[in-house]
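Q: here is a sequence together with a model predicted from it:
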Amino acid sequence: MKTPVLEIKNFHVDYGLGDEAVQAVRDVTLTLHRGEVLGLAGESGSGKSTLAYGVTRLLPPPGVISGGSVVYHPPSGDPYDVMALTDTELRKFRWAETSIVFQGAMNSLNPVHKVSTQMLDVIKAHEPQLTPQARIARAQEMLKLVGISADRMDAYPHQLSGGMRQRVMIGMALVLEPQVVIMDEPTTALDVVMQRQILAQLVELRERLGFSVLFITHDLSLLVEFSDRIAIMYGGRIVEEARSADLYKDSLHPYSEGLLKSFPALRGARRELAGIPGSPPDLRGMPSGCSFHPRCPQAFDRCSAEIPVLGIPSARNDPNRSVACWLPGRTA
Amino acid sequence: MTVTETEVVLEAEGLTKHFPVRRGLRDLLTREHKAVHAVDDVKLTLRRGRVTALVGESGSGKSTVARLLAQLYARTSGDIRLHGESVTVRGGRKFRAYCRQVQMIFQDPFASLNPTHTVRYHLTRSLRIHGRAGDLEDNLRDLLVQVQLTPPERYLDKFPHELSGGQRQRVSIARALGADPEALLADEPVSMLDVSIRLGVLNLLRDLKERLNLAILYITHDIASARYFADETLVMYAGRMVEGGDSETVTQNPAHPYTRLLIESAPDPDRLGELSKPEDQAGGEPPSLIAPPGGCRFNPRCVHAMPKCATDLPPRFELPAQGHWAACWLYEEGATK
């Protein structure tokens, strides 16, 4: 039986307050299990990064968490709600329990400090009882794990290539051995060859250290290959969630299907592909009902009137998947 | 599919661009002039009604090739021929005459349109400059219809910020078409767009190619989209072309070890479960272009490297499939594979 490590329940995030507020994340319920890679896919503006920042309480103003809870299950001890933590508790929670790898590694490392300084600073802040030698040994060991030789410890970020900087970021995220690592498009700025190297390394590390990953990207074809489960976001809501293989072979939501058909294949027969007509919705003026209905080829009357609820699809009877769509056999 | 011989619009031979590196104080004492070898000895041909894809990683020099072909950079050496005639332009009237036939589409539609001007202004300027402002209103409408922004009235007086990324890229395609060009140089035209609308723009470009009989150079880092969109695919690595041929042949039977690495590394949903790690001696790092490796530039990363690879530059070797070639010593006559 899989045990949950992070449970996001009915999570809402707004930008701004009052009537003018833009609802970026609406009613998201998502569970990350121990040791799994959960992929979160969606286009720009679908709320996937906002969700990640909201869950870690890193959201800068005017972002406001307007509802929901995030329950964290530590390896030993009782589960607690991250949203209810005080600042001191939060400081302890961050990095030691949950760490985050941001999209632009070039922008997340401090350019005026050496890699070693930045890495040791993290260890020092969280584990002050360690001796300086032990800290250095820990940092070196971590860098070795992500494939950077120990002599690069004293390099400045600009002396490293893009791929190496991203490896340093991943190493820093893992240095305190957190239970959950949130990765926000960690390889988007990299070339495909480097991307594959880093992902393969991440898989190895996960097997060795046993953390869970919430992997956010817009590249669904990458997720299908790499993650255990995939959740697809559109217009601030999760529209479908399933195991990777199920989603790829038998997607139920028309948006997931359209997204899968937006990637030209490298193998197999050459097919004519169309993408999805129209463009992603503007969060300031969301369509009524299902937010995908103006672009959906199968939309009917009900879609523009009522918001479909995320639930186990009636045609599949599989507790591991859920979908929010009014088409027959989808939302029960 | 065989390579049909249609009319050649634009061709380049031996195209080379070196960017000089600023000399520091210490370098002043030496005679050395360092340069970034961005593009070396590139040969390519754009034919009417065909799409040629140029695939490579960032820093491989693919965008430099587009800018050289658009005459935005002066080339270090080599030749660019438009309809068989060698052209070198530095600006002024000659540059405009050249632009009329060769237009460029840039990667970022957020940066390539002026935020303070409307769609009408952008397109009118393009038409005026290229002397097609006769029936201005009709021409404007035609341009927008051609890029499927219909009804045109709805878009003419919009500012770029009122349009989505896909619509903006369509406006910049319309602007390029305003010159009624024969060749389009598209530098990563879809990589900044949302996934779900990329194919719409690619299909539009293909449609335009067929209707207007354009020659298109499609620059991309995504080899799967090259297979989908282009007739011919050329692969670039560290400033040199390493393989070329019919898109289907290059992607299905890649010959050069670099092309194989690129294809193995591309995400493939059909390869569910295990995440294989392709063999790469350098952990995915491309070489420095200031002092590129001798011989084949891929040799430090290549799993098949032979002593010869580090010393001699491989020429293009013809492969069995028609028009397919690779610059790799593995395919030298008599070499064991």
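A: Okay, I see it. Residues are numbered from 1 along each chain as shown, chains lettered A, B, ... in the order given.
Q: can you show me the helices along the chain?
A: I went with chain A, as the question did not name one. Remark: helices assigned in chain A by DSSP state H are A:48-55, A:87-93, A:105-108, A:115-126, A:132-145, A:162-174, A:192-209, A:220-226, A:244-249, A:254-260, A:301-305.
Q: switch to chain B, please.
A: Ranges of helices within chain B are B:25-28, B:62-69, B:92-101, B:119-129, B:136-146, B:152-156, B:165-177, B:195-212, B:223-229, B:247-252, B:257-265, B:307-311, based on DSSP H.
Q: okay, the ones you listed in CSV with distance to chain A, mean neighbour count and mean pLDDT next?
A: Using the backbone N, CA and C atoms, a C-beta is placed for each residue, glycine as well. Compiled in CSV, the helices of chain B are given as follows (distance: least, Cβ to the nearest Cβ, whole Å; neighbours: other Cβ atoms under 10 Å in any protein chain shown; pLDDT from 0 to 100):
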stretch, distance to chain A, mean neighbour count, mean pLDDT
helix B:25-28, 19, 9, 71
helix B:62-69, 12, 23, 92
helix B:92-101, 30, 14, 90
helix B:119-129, 16, 19, 93
helix B:136-146, 16, 17, 92
helix B:152-156, 13, 16, 90
helix B:165-177, 6, 23, 92
helix B:195-212, 3, 20, 91
helix B:223-229, 3, 24, 92
helix B:247-252, 6, 22, 92
helix B:257-265, 4, 23, 91
helix B:307-311, 19, 14, 90
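Q: A:Leu85: which of those helices is closest?
A: helix B:195-212 (35.6 Å; Cβ to Cβ).
Q: could you give the angle of the closest one to helix B:165-177?
A: 20 degrees (axes from the mean of the first three to the mean of the last three Cα atoms, to 10 degrees).
Q: that older thread, and of the helices of chain A, who's closest to B:Arg170?
A: Nearest to B:Arg170 among the helices of chain A is helix A:254-260; the distance by Cβ to Cβ comes to 19.4 Å.
Q: how far away is the residue nearest to A:Glu127 when sequence neighbours are not counted from A:Tyr80?
A: Spatial nearest neighbour of A:Glu127, chain neighbours left out: A:Leu176 (7.4 Å); criterion: Cβ to Cβ, 6 or more residues apart in numbering or on different chains. Using Cβ to Cβ, to the nearest Å, we find A:Leu176 at a distance of 18 Å from A:Tyr80.
Q: quick one, which of these two is more surrounded?
A: Neighbours were counted for A:Leu176 and for A:Tyr80 using other Cβ atoms under 10 Å in any protein chain shown; A:Leu176 has more, 18 against 15.
Q: how many neighbouring residues does B:Leu113 have?
A: 23.
Q: these two touch, right, it and B:Gln167?
A: No: with contact defined as Cβ atoms under 8 Å, B:Leu113 does not count as touching B:Gln167 (10.4 Å).
Q: give the burial count for A:Leu58, as a bare number.
A: 13.
Q: from what I see, it and A:Ile100 are in contact.
A: Yes: A:Leu58 lies in contact with A:Ile100 (Cβ under 8 Å); the separation is 7.1 Å.
Q: any idea of the pLDDT on residue 181?
A: Picked chain A for this. Note on A:Val181: pLDDT of 93.
Q: that's the other chain; I wanted chain B
A: Value for B:Pro181, per-residue pLDDT: 93.
Q: and residue 115, what is it in contact with?
A: No chain specified, so I'll use chain A. A:Leu109, A:Leu143, A:Arg152, A:Met153, A:Asp154, A:Ala155, A:Tyr156, A:Pro157, A:Leu160, A:Val168 (Cβ atoms under 8 Å, 6 or more residues apart in numbering or on different chains).
Q: if you could check chain B rather than the one you did, that'd help
A: Applying Cβ under 8 Å, 6+ apart to B:Pro115 gives the contacts B:Phe159, B:Pro160, B:His161.
Q: hmm, try it at 6 Å
A: B:Pro160 (Cβ atoms under 6 Å, 6 or more residues apart in numbering or on different chains).
Q: got the phi and psi for it?
A: phi -70, psi -20 (degrees, to the nearest 10).
Q: return the distance of it relative to B:Met104.
A: According to Cβ to Cβ, B:Pro115 and B:Met104 sit 20 Å apart.
Q: if we can go back for a sec, nearest to A:Leu6 among the contacts of A:Val115?
A: Nearest member of the contacts of A:Val115 to A:Leu6, counting by Cβ to Cβ, is A:Val168, at 24.9 Å.
Q: could you report the separation of the closest one from chain B?
A: 14 Å (Cβ to the nearest Cβ, to the nearest Å).
Q: for that residue, which non-adjacent residue is closest in space?
A: Here the residue nearest A:Val168, using Cβ to Cβ, 6+ apart, is A:Val115, at 5.5 Å.
Q: and what of B:Asp231?
A: Using Cβ to Cβ, 6+ apart, the closest residue to B:Asp231 is B:Arg50 (4.8 Å).
Q: what's the local residue count around the one you found?
A: Residues near B:Arg50, counting by other Cβ under 10 Å, number 20.
Q: quick one: it and B:Ala230 touch, right?
A: No: with contact defined as Cβ atoms under 6 Å, B:Arg50 does not reach B:Ala230; the gap is 8.4 Å.
Q: what residues are up against the residue nearest to A:Glu127?
A: With the criterion set at Cβ under 6 Å, 6+ apart, A:Leu176 makes contact with A:Trp95, A:Ala96, A:His126.
Q: again with B:Arg227
A: Shown in contact with B:Arg227 (Cβ under 6 Å, 6+ apart): B:Ser247, B:Thr251.
Q: what about 8 Å?
A: Applying Cβ under 8 Å, 6+ apart to B:Arg227 gives the contacts A:Pro264, A:Leu266, A:Arg270, B:Thr233, B:Ser247, B:Glu248, B:Thr251.
Q: okay, those in CSV with distance to A:Val122 next?
A: Converted to CSV, these look like this (distance: Cβ to Cβ, whole Å):
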residue, distance to A:Val122
A:Pro264, 41
A:Leu266, 39
A:Arg270, 49
B:Thr233, 45
B:Ser247, 47
B:Glu248, 50
B:Thr251, 43
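Q: of all these, which comes closest to A:Ser304?
A: Nearest to A:Ser304 among those: A:Pro264, at 31.5 Å, using Cβ to Cβ.
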